[in-house]
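J.: please work out how this folds:
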Amino acid sequence: MVQVMEFTQYQFLKQHALEVLKEDGKTIPPVQEINPIVLAYIGDVVFSMYVRLRLLPTSKQVRVIHDLGSKMVSAICQCQAMESLQEELSDAEQVVFRRGRNAKSTVPKSASVHEYRMATAFEALLGYLFLEDEEARLEEILDKSFAVITEKLLSHK
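T.: Down below sits the predicted model:
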């Protein structure tokens, strides 16, 4: 019975979201009001796109790009990137980092709780910067993260 209720609630929320899409004048809510898991969802898309674009010149083979890209966007690699950047964050970025790290979500078997929470914080930070149109800062963090992850992958051949 509980699963039926959850599915019914999901269907209602999904229908509501579709109806909102039809309304004119809807804007994105203030970033501070967006659930950190939603910020992480946006950040995941931003980072995935960035990594795959950076990998395009490395190979003409989709499988190579996919394999490298999948590894680079993993929670383990994102955790390593976040750990290297954590000390450089502004006060506002620290707030987003903590919100993302402390957000409740299911941890997959592919990463430890710490790695997954840090990766969620990393993605939430990217989502925040993207939605706030902080393009220069976003690019700086993306570039530094890519460098950290690349170095880690090269040192663990």
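
J.: in stretch 113-130, which residues are buried?
T.: Applying a neighbour-count criterion of 16 or more other Cβ atoms under 10 Å, the buried positions in stretch 113-130 are 115-130. (Glycine included, C-beta is placed from N, CA and C.)

J.: most widely separated two among the residues you listed?
T.: The distance between the two most remote of the buried residues of stretch 113-130 (Cβ to Cβ) is 22.4 Å, for 115 and 130.

J.: after the worst-scoring helix or strand of the chain on mean pLDDT, next one along is what?
T.: Lowest by mean pLDDT, DSSP states H and E among the helices and strands of the chain is helix 2-22, with a mean of 75. Remark: after helix 2-22, the chain's next helix or strand is helix 36-55, criterion DSSP states H and E.

J.: could I get the average pLDDT for that next one?
T.: Averaged over helix 36-55, pLDDT sits at 96.

J.: which one is residue 105 nearest to, not counting chain neighbours?
T.: residue 37 (5.8 Å; Cβ to Cβ, 6 or more residues apart in numbering).

J.: the one you found contacts residue 120, doesn't it?
T.: Yes. If you go by Cβ atoms under 8 Å, residue 37 and residue 120 touch, sitting 7.3 Å apart.
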